[in-house]
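Enquirer: Sharing a model prediction with you, sequence too.
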Amino acid sequence: MANLGDYIGQLMAEITLARLQADLEAVRLADYYANHPLLKAFPVPRFRLPDVTLDFPVAITGVQSPRDGKPLDVAEARRVFRAALDEELDECGVKPTVAERKQLHAVIDRRFRALKVPSLVSTSSVSVADEATNAIEAALPQKLIAGQERAQFIDGLRNRSRVAMLRLLPSPSRVRVITSTADLRELPPQALMRLQLTITEQGVEWRGDSSAKGGGRKLLPE
């Protein structure tokens, strides 16, 4: 048995790998065409997968209940945010002194000590990240980073810390399914459910200057 989300995700990953294999073959052909006296005048064939439709049966065996939601662990949330801050500083090439880094950590500690914990992380993870980011923005020395770079740093910290805090959320319910052909054949037809999914391809590409301070390259849609 497998989790339905894992099963669908694996199918989508296999389709992505199929596109990879097609692109690798296109590169090989491009090299061949470039060095062929006649083919070099022809366009290199390349295929895309604009739409892929999956139609497959599954049998649901049950739903795994999520673990009970727990109050926000303030110490863990503080540790996660401090790690996000340090990672963003390093990624953006901002090098505070030991004293400045300790001061920023002290701001985080004060912010989380004053935190009023709601009943569940799920109601507060994003707001906690945003409030801590606002505190860092107010405390970050202008001489350390200013202007557009400062705004980009704060946006990066806000997004990074939101993602980190969301990882503290309770695990969702998981749907357990049977996917094996042999096992499905042994079940009566009324026990089966057919899923039809249409996947639309959207390519992404690296853009920007990799030599820019803080890493100027970003993965953006084509």
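Expert: Nice, I can see it.

Enquirer: Note down every partner strand of the least confident helix or strand in the chain by mean pLDDT and its orientation.
Expert: The weakest-scoring helix or strand in the chain, judged by mean pLDDT, DSSP states H and E, is strand 218-221 (a mean of 78). Looking at strand 218-221 with DSSP bridges, its partner strands are strand 204-207 (antiparallel).

Enquirer: what's the partner strand in contact with?
Expert: If you take C-beta atoms under 8 Å, 6 or more residues apart in numbering as the criterion, strand 204-207 is touched by 217, 218, 219, 220, 221, 222. All C-beta spots, glycine's among them, are computed from the backbone N, C-alpha and C.

Enquirer: Any chance you could give me it in CSV, C-alpha atoms only?
Expert: Extracted in CSV, the C-alpha atoms of strand 204-207 (Å, rounded to 0.1, in the frame of the first residue of the first chain):
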residue,chain,number,x,y,z
VAL,A,204,11.4,27.0,-15.8
GLU,A,205,14.8,28.4,-16.6
TRP,A,206,17.7,30.1,-14.8
ARG,A,207,17.8,33.8,-15.3
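
Enquirer: and that strand, how far out from the chain's middle?
Expert: Its chain's average C-alpha position is 16 Å from that of strand 204-207, according to C-alpha atoms, centre = their mean, to the nearest Å.

Enquirer: Pull the residues that contact the strand with the most length in the chain.
Expert: Looking across the chain with DSSP state E, the single longest strand is strand 51-64. Residues from elsewhere that reach strand 51-64, judged by C-beta under 8 Å, 6+ apart: 1, 3-4, 7, 11, 15, 173-179, 183-184, 187, 191-201.

Enquirer: switch to 7 Å and redo it
Expert: Strand 51-64 is touched from outside by 1, 4, 11, 15, 173-179, 184, 187, 191-200, with contacts defined as C-beta atoms under 7 Å, 6 or more residues apart in numbering.

Enquirer: Give me the local confidence score for the residue nearest the centre of the chain.
Expert: Nearest to the mean C-alpha position of the chain, by C-alpha atoms, centre = their mean, lies residue 163 at 8.1 Å. pLDDT recorded at residue 163 is 88.

Enquirer: tell me the domain boundaries of the chain?
Expert: According to automatic domain parsing, the chain comprises the domains 2-65+190-221, 74-166.

Enquirer: How far away from the center of its chain is the least confident helix or strand of the chain?
Expert: Distance of strand 218-221 from the chain centroid (C-alpha atoms, centre = their mean) equals 13 Å.

Enquirer: got the buried residues for stretch 132-142?
Expert: 132, 133, 135, 136, 140 (16 or more other C-beta atoms under 10 Å).

Enquirer: Which member of those residues is positioned nearest residue 20?
Expert: residue 133 (36.3 Å; C-beta to C-beta).

Enquirer: Helix, strand, or coil at that closest one?
Expert: Residue 133 falls in the helix class when you classify it by DSSP: H, G, I helix; E, B strand; the rest coil.

Enquirer: What distance do you get for it to residue 87?
Expert: 13 Å (C-beta to C-beta, to the nearest Å).

Enquirer: Next: residue 36.
Expert: Applying C-beta to C-beta to residue 36 and residue 87 gives a distance of 48 Å.

Enquirer: Those two: which is more packed in?
Expert: Using other C-beta atoms under 10 Å, the more surrounded residue of residue 36 and residue 87 is residue 87, with 15 against 11.
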